[in-house]
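Engineer: sequence and predicted model, in that order:
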Amino acid sequence: MERAPIIKIQHADKSFGKNHVLKNISLDVNEGEIFGLIGASGSGKTTLLKILIGFLSPEQGDVKFRYDYFVKSKNKSQKPLYASVYKQQKLARNLFGFASQEPSFYKKLTVKENMEYFGSLYNLPKQALQSNINILIALMDLKHAENTLAGDLSGGMERRLDIACALVHDPEVLILDEPTSDLDPLLRDHIWSLVKKINKKGTTIILASHHLSEVETFCSRIAIIKNGKIIDVASPARLKTKYADSQEIRIQTYPGSYANIAKVIKKPGNKVFDVKIKGSELIIYSDRPQIVLHELLHTLETLKEELIDIQVFRPGLDELFLKITGKK
Ligand SMILES: Nc1ncnc2c1ncn2[C@@H]1O[C@H](COP(=O)(O)OP(=O)(O)O)[C@@H](O)[C@H]1O
Ligand SMILES: [Mg+2]
């Protein structure tokens, strides 16, 4: 089945003062998928999610969303219609549900009162809201706690309440910012099974996490963000083969103008997905080391760099992923 993107991020650029946090990011999210945004802490995930929902505006670029959901009378066969989240803020607000990294519910309200409060921020008929709340309380396993003060909930229940509050207006797209951080493995599994359930009911899900291993089993696609750039977008299976097949070429050269070598060797089509300078070595990550080696030797000759040492490694998947996302 052909699925048109529900969201298109187009060349988004964002700085906080001198901190250039997002660099020319373009991404499509398709209707019905579970899309994972993976990156180390500080890589720009939360900033990107806030830009996506129109909460923060980028200095450059735009975010478009499909708004034909909201145009009921038009014929269905026409092409999808897109609008900017910054120009159609009200519709965008109805399209998205956002569960932030920090709890956003009120501790002095009960579970149900919180949901009623968040629901009242949207223009929903009272009955529709009540019916949504009842469905969500059951779906999120909060029935036994509906009259409990939110401040008395356990960590896993807090997280479920936050997700329930984000879903109270029945959004097309649910955004989850690190939904399982600080939870133990059992509670994590519970959250993930609920996320899958929500997705099965037709909600598109975009989630940020810094654990590839945690989300690879159920995301349809994963984008890897590093230092504010998307360095890869692929299915988990594709990422796995790619990173599993990847190798590290470590060289030392004289005089050792590594930045110049890196510039040449990183050019598009060269099968190199990252280059790093570490101490006296230049490290090149690639899934096609033969091709890269060939190019590398040629480059060294052109740049008049003398090869002192060369080694090829095959690191483990986790290790490599951590290197790629920039974590120690
Ligand atoms: N409101 C803000 N003001 C200034 N700097 C910010 C703000 N929000 C985020 N940053 C900075 O932007 C970078 C990316 O942050 P963030 O998007 O929260 O990353 P992540 O969610 O991947 O951990 C960090 O360097 C962070 O300090
Ligand atoms: Mg974050």
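Structural biologist: Great, that's in hand. Ligands and ions are numbered 1, 2, ... in the order given.
Engineer: so which bits of the stretch 1-150 of the chain are right by ligand 2?
Structural biologist: When proximity is defined by C-beta under 5 Å from the ion, the stretch 1-150 of the chain lies next to ligand 2 at 45-46. To be clear about C-beta, it is placed using only N, CA and C from the backbone, and glycine gets the same treatment.
Engineer: do you have the strands of the stretch 1-150 of the chain handy? List them.
Structural biologist: Residue ranges of the strands in the stretch 1-150 of the chain, as given by DSSP state E, counting those that start in this stretch, are 5-16, 19-30, 34-38, 60-66, 82-84, 96-99.
Engineer: so of those strands, which one's packed in deepest?
Structural biologist: strand 34-38 (a mean of 26; mean count of other C-beta atoms under 10 Å).
Engineer: where in the protein is pLDDT low?
Structural biologist: Counting by pLDDT under 70, the chain contains low-confidence ranges at 1-3, 72-77, 315-328.
Engineer: the biggest helix by length in it to strand 34-38, inter-axis angle?
Structural biologist: In the chain, assigned by DSSP state H, the helix with the most residues is helix 185-200. Interaxial angle, helix 185-200 versus strand 34-38 (axes from the mean of the first three to the mean of the last three C-alpha atoms, to 10 degrees): 130 degrees.
Engineer: in the stretch 151-300 of the chain, which residue sits nearest ligand 1?
Structural biologist: For the stretch 151-300 of the chain, the residue closest to ligand 1 is Ala208, as judged by C-beta to the nearest ligand atom, at 6.4 Å.
Engineer: partner strands of the helix or strand hosting that residue and their direction?
Structural biologist: Element membership for Ala208 (DSSP states H and E) is strand 204-209. If you go by DSSP bridges, strand 204-209 pairs up with strand 34-38 (parallel), strand 173-177 (parallel).
Engineer: can you add distance to Pro80 and give those strands back as CSV?
Structural biologist: Shown next, in CSV, are the strands paired with strand 204-209 (distance: least, C-beta to C-beta, whole Å):
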stretch, distance to Pro80
strand 34-38, 17
strand 173-177, 14
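Engineer: Pro255 is nearest to which of the ones you listed?
Structural biologist: Of all the strands paired with strand 204-209, strand 34-38 sits nearest to Pro255, with 37.4 Å by C-beta to C-beta.
Engineer: relative to strand 19-30, how tilted is the closest one?
Structural biologist: Angle of strand 34-38 versus strand 19-30, following the same axes, to 10 degrees, is 160 degrees.
Engineer: hang on, the earlier thing: can you say which of the strands of the stretch 1-150 of the chain is nearest to Arg288?
Structural biologist: Each of the strands of the stretch 1-150 of the chain has some distance to Arg288 by C-beta to C-beta; the shortest is strand 34-38, at 23.1 Å.
Engineer: find the residue closest to the residue sitting nearest the centre point of the chain in space, skipping its chain neighbours.
Structural biologist: Of all residues in the chain, the one closest to the mean position by C-alpha atoms, centre = their mean is Leu37, 1.7 Å from it. In this structure, Leu37 finds its nearest non-sequential neighbour in Ala208, 4.5 Å apart by C-beta to C-beta, 6 or more residues apart in numbering.
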